[in-house]
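Chemist: Sequence first, then the predicted structure:
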Amino acid sequence: MGLKELVNAFGVSGYEDEVRGLIRSEALEYGYEIFEDKVGNLFVHKKGRKRAMLGAHIDEVGLMIIGIEKDGRLRFRPVGGIDPRVLLAKQVRIGKDKIPGVIGAIPVHLIEDKDKVLEAKSLYIDIGARDKADAERYVKPGDYVFFDSPYQEKDGVVFGKAFDDRVGCLLLLNLIKRDPPPGVIFLFSIQEEVGLRGAKVVAEHFEPDLFISVEATGAGDLPVREGEPGWPKVGSGPAITIADRSLIVPQDVVDLLVASAERAEVPYQFKRPLIGGTDAGIVGIAKAGIKAGVVAVPVRYIHSPIGMVKLSDVDNTEALLFSLLIKTMEG
């Protein structure tokens, strides 16, 4: 299974079954113990003397239906952090039957203030229903809405939805296939996009010596606002976190990640400090405290209906992580 299958799967926070099923089926082929907890986190591991955990979340940002208008239009709200500016005229799929629809708004020639950014509450989803009764045949309040943005690839560049964090899921699966030393625990967590919820119970099951969140992060190279740094850059390797809004990474963990990249002879860069947050922020303060860090693949247009990734960054991130596991588990 490759990135295409993971990206095209639907898994908005709270509705992750399809993605979890793909990952479970793939991991079963490699002789690991697999454990799913009560909230839906998936753990793949082999027992060993030391314990290191790599984590990626299986959920993606999306939308949820909150009501149906008399004329059949569907009202929605975001699930996770989405800029409403990127939503208009995007194709979507709704619910378990994956009903097609398009996000609409008041026609531009009828808008009085054309410079005003439309909020999510001003948008709606059109499924072509004649009226409310017709729409209710297909959808209901509480249905999840997924972006319908099929995966595409050209010359080592890929486009699609949900790179945050299916790219992390792919990396963990690739490392599972490489059979790292015993003691590595691979975590596929739920509901990261709505408050790091799955991570809050991780330490109740396993208490690793080291936790690394394997993530996607917003690229800063395009577009760039004047006066702001244009990094991390797509194509310049994995981005190592020094500090974000959920975690200040211990210096020895930063040094370990840098040394792992250098040992693997791959380029690396740093994430812009004090932006965003990951599961590492929750796991790092669990129990009596767990050493935690973050490595991420840069993604342009993250948390939108379609993003862009360079496969060289994915490959180099995998090399860094495998180097880290060999050093940590055998050193």
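Modeler: Looks like it came in fine.

Chemist: So what's the residue count around the closest residue to residue 233 other than its chain neighbours?
Modeler: Of all residues not flanking residue 233 in the chain, residue 221 sits nearest, at 4.2 Å (C-beta to C-beta, 6 or more residues apart in numbering). Just so you know, the C-beta spots here come from the backbone N, C-alpha and C atoms, and that holds for glycine as well. The number of residues packed near residue 221 is 15, by other C-beta atoms under 10 Å.

Chemist: One more: residue 303?
Modeler: Neighbour number of residue 303 under other C-beta under 10 Å is 21.

Chemist: tell me the contacts of it?
Modeler: Residues in contact with residue 303, defined by C-beta atoms under 8 Å, 6 or more residues apart in numbering, are 61, 80, 81, 82, 83, 164, 218.

Chemist: quick check, nearest of those residues to residue 309?
Modeler: Nearest to residue 309 among those: residue 164, at 10.0 Å, using C-beta to C-beta.

Chemist: How about that closest one: what's its closest non-neighbour residue?
Modeler: Closest residue to residue 164 in three dimensions, ignoring its sequence neighbours and counting by C-beta to C-beta, 6+ apart: residue 216, at 3.9 Å.

Chemist: and the one you found, what is it in contact with?
Modeler: For residue 216, the contacting residues are 163, 164, 165, 167, 168, 296, 297, 298, 299, 302, 307, 309, by C-beta under 8 Å, 6+ apart.

Chemist: for residue 248, same thing?
Modeler: Residue 248 sits next to residue 242 when contact means C-beta under 8 Å, 6+ apart.

Chemist: Enumerate the beta-bridge partners assigned to it.
Modeler: residue 243 (DSSP bridges).

Chemist: On the pLDDT front, check it for me.
Modeler: pLDDT, residue 248: 98.

Chemist: quick one: it and residue 164, what's the gap?
Modeler: 22 Å (C-beta to C-beta, to the nearest Å).

Chemist: now do residue 299
Modeler: Separation of residue 299 from residue 164 (C-beta to C-beta): 6 Å.

Chemist: of those two, who's got more company?
Modeler: A side-by-side neighbour count of residue 299 and residue 164, using other C-beta under 10 Å, places residue 164 first with 28 against 24.

Chemist: tell me the contacts of that one?
Modeler: 60, 61, 193, 215, 216, 299, 302, 303, 307.

Chemist: Name the SS class of it, please.
Modeler: The three-state assignment at residue 164 reads helix, by DSSP: H, G, I helix; E, B strand; the rest coil.

Chemist: rewinding a little: so what's the residue nearest to residue 233 up against?
Modeler: 230, 231, 232, 233, 234, 298, 300.

Chemist: Pull out the buried positions in the longest helix along the chain.
Modeler: Of all the elements of type helix in the chain, the one with the most residues (DSSP state H) is helix 311-330. For helix 311-330, burial by neighbour count (16 or more other C-beta atoms under 10 Å) applies to 311-326, 328-329.

Chemist: same check, this time on stretch 218-232
Modeler: With the criterion 16+ other C-beta under 10 Å, stretch 218-232 contains buried residues 218, 219, 220, 231, 232.

Chemist: what mean pLDDT does it have?
Modeler: Stretch 218-232 carries an average pLDDT of 81.

Chemist: end to end, how far does that stretch reach?
Modeler: Start and end residues of stretch 218-232 are separated by 8 Å (C-alpha to C-alpha, to the nearest Å).

Chemist: Tell me the secondary structure of the residue nearest to residue 164, please.
Modeler: Classified using three-state DSSP, residue 216 is strand.

Chemist: gap between it and residue 262?
Modeler: Distance from residue 216 to residue 262, counting by C-beta to C-beta: 23 Å.

Chemist: List the residues that contact residue 329.
Modeler: Neighbours of residue 329 in contact, by C-beta under 8 Å, 6+ apart: 48, 50, 52, 180, 181, 182, 183, 184.

Chemist: how much space between the fourth one and residue 211?
Modeler: In other words, residue 180. The value you get for residue 180 to residue 211, if C-beta to C-beta is used, is 15 Å.

Chemist: Name the residues contacting each of residue 299 and residue 164.
Modeler: Shared contacts of residue 299 and residue 164, defined by C-beta under 8 Å, 6+ apart, comprise 216, 307.

Chemist: before we move on, back to that, what's the farthest-apart pair in the buried residues of stretch 218-232?
Modeler: Among the buried residues of stretch 218-232, 218 and 231 lie farthest apart (C-beta to C-beta), at 10.8 Å.

Chemist: did I read that right, residue 158 in a strand?
Modeler: Yes - applying three-state DSSP, one finds residue 158 inside a strand.

Chemist: Give me the neighbour count for it.
Modeler: The tally of other residues near residue 158 (other C-beta under 10 Å) stands at 20.

Chemist: so what's it bridging to?
Modeler: residue 153, residue 309.

Chemist: any low-confidence regions in this protein?
Modeler: For the chain, applying pLDDT under 70 flags the ranges 108-115, 223, 331.

Chemist: which ones are touching the nearest residue to residue 97 once chain neighbours are set aside?
Modeler: Excluding the flanking residues, the one nearest residue 97 by C-beta to C-beta, 6+ apart is residue 138, at 7.0 Å. Shown in contact with residue 138 (C-beta under 8 Å, 6+ apart): 94, 95, 97, 99, 127, 129.
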